[in-house]
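Engineer: Make a model of this:
(one chain, ligands or ions: 1)
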Amino acid sequence: MEKAIFVLNGPNLNLLGTREPEIYGTDTLADVEAACTALATSLGMKLVFRQSNSEGQLIDWLQEARDHGAGVLLNAGALTHTSLAIYDAIKAMTIPVIEVHLSNPLRREAFRHHSYVGMAATGTIAGFGLHSYVLGLEALAKKLSVKS
Ligand code: DQA
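Structural biologist: A predicted model of the protein is given here:
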């Protein structure tokens, strides 16, 4: 069976659309999923799209992707800036992992300037709202040499 791209979303991203819309915009997580699904279909890629508020669940999914996935798009939310365990989980992977953010954390509070995810990821795309995910999927497709 063809390996899937895992799009994994961390804490509070289930609230997209109503959460600080001046920062994150008004697109919901369902909108993000629909955009990712549409692009994946056009690129011929299989997609798994998930969200969890818990760190352990995200690590379990990263390990699942490590064994069964082709690549990962990861928006770890605030865990980006705090989770050494997610850093270790990414370091244990050989498939590409792209860090994505709706906002640009480097333009925001100093505590968002450090990224454990970014220190382990293949690359980072941030600041384009929902489009960050689209750009991230396109980058993954290129990396995996799927037609794009
Ligand atoms: C975020 C940025 C993080 O700093 C924040 O904690 C989030 C969302 C983003 O997508 O812009 O929850 O990952």
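
Engineer: what comes up buried for stretch 35-50?
Structural biologist: For stretch 35-50, the neighbour count (16 or more other CB atoms under 10 Å) marks 35-36, 39-40, 43, 45, 47-49 as buried. Backbone N, C-alpha and C define where each C-beta goes, glycine included.

Engineer: Among those residues, which ones are in strands?
Structural biologist: Among the buried residues of stretch 35-50, the members found in strands (DSSP state E) are 47-49.

Engineer: ok, the residues you listed vs the ligand, which is closest?
Structural biologist: residue 49 (15.0 Å; CB to the nearest ligand atom).

Engineer: re the thing from before, out of the ones in strands among the buried residues of stretch 35-50, the closest to residue 17 would be?
Structural biologist: residue 49 (15.8 Å; CB to CB).

Engineer: ok, so what distance separates that closest one from residue 13?
Structural biologist: From residue 49 over to residue 13 the distance is 11 Å, taken as CB to CB, to the nearest Å.

Engineer: can you check residue 105 too?
Structural biologist: Using CB to CB, residue 105 is found at 14 Å from residue 13.

Engineer: what does residue 41 give?
Structural biologist: 22 Å.

Engineer: Is the ligand within reach of stretch 91-100?
Structural biologist: No: taking CB under 6 Å from any ligand atom as the criterion, stretch 91-100 and the ligand are apart, separated by no less than 7.0 Å.
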